[in-house]
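Chemist: I would like the atomic coordinates for the input below:
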Amino acid sequence: QVQLVESGGGLVQAGDSLRLSCAASGRTFSTYAMGWFRQAPGKEREFVASITWSTAYTSYADSVKGRFTISRDNAKNTAYLQMNSLKAEDTAVYYCAAQPYRFGRFGSWGQGTQVTVSS
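Modeler: Take a look at the predicted model:
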């Protein structure tokens, strides 16, 4: 089992930047990829971005392409989400999750970190 802890959320203005961190512990060697998801009030949780641990292959939701960048530091077992040009519609609780193998379901959800963007 992998344990995940997110940090870095906060209240910012539209156009600002934030960097989220996701620290992993436990059976990190069994993780294929890390992903970021978000859930806005009254909406379902949606995929934001993902990155594979070994090859750093990345994938993004269309809504964040060109603004968000996902990265990872294998030595620190940490994944990051750099968010630039933030918009009010990016306001949500952001979660990270681990994918145990390719095409596997993301799980081991963290507790989430709140990102609020004021317009």
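Chemist: Grab the most central residue of the chain for me.
Modeler: Here the mean C-alpha position of the chain is nearest to the C-alpha of residue 36 (Cα atoms, centre = their mean), at a distance of 2.5 Å.
Chemist: For the helix or strand containing that one, C-alpha coordinates in CSV please.
Modeler: Assigning secondary structure by DSSP states H and E places residue 36 in strand 33-39. Output of strand 33-39 as CSV, limited to C-alpha atoms (Å, rounded to 0.1, in the frame of the first residue of the first chain):
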residue,chain,number,x,y,z
ALA,A,33,2.3,6.2,-12.2
MET,A,34,1.1,9.1,-10.1
GLY,A,35,-1.9,11.2,-11.0
TRP,A,36,-3.5,14.5,-10.0
PHE,A,37,-7.3,14.8,-9.9
ARG,A,38,-9.6,17.6,-8.7
GLN,A,39,-13.1,18.0,-7.5
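Chemist: ok and the next helix or strand after it relative to strand 33-39, angle-wise?
Modeler: For strand 33-39, the following helix or strand on the C-terminal side (DSSP H and E) is strand 46-52. Counting by axes from the mean of the first three to the mean of the last three Cα atoms, to 10 degrees, strand 46-52 lies at 170 degrees to strand 33-39.
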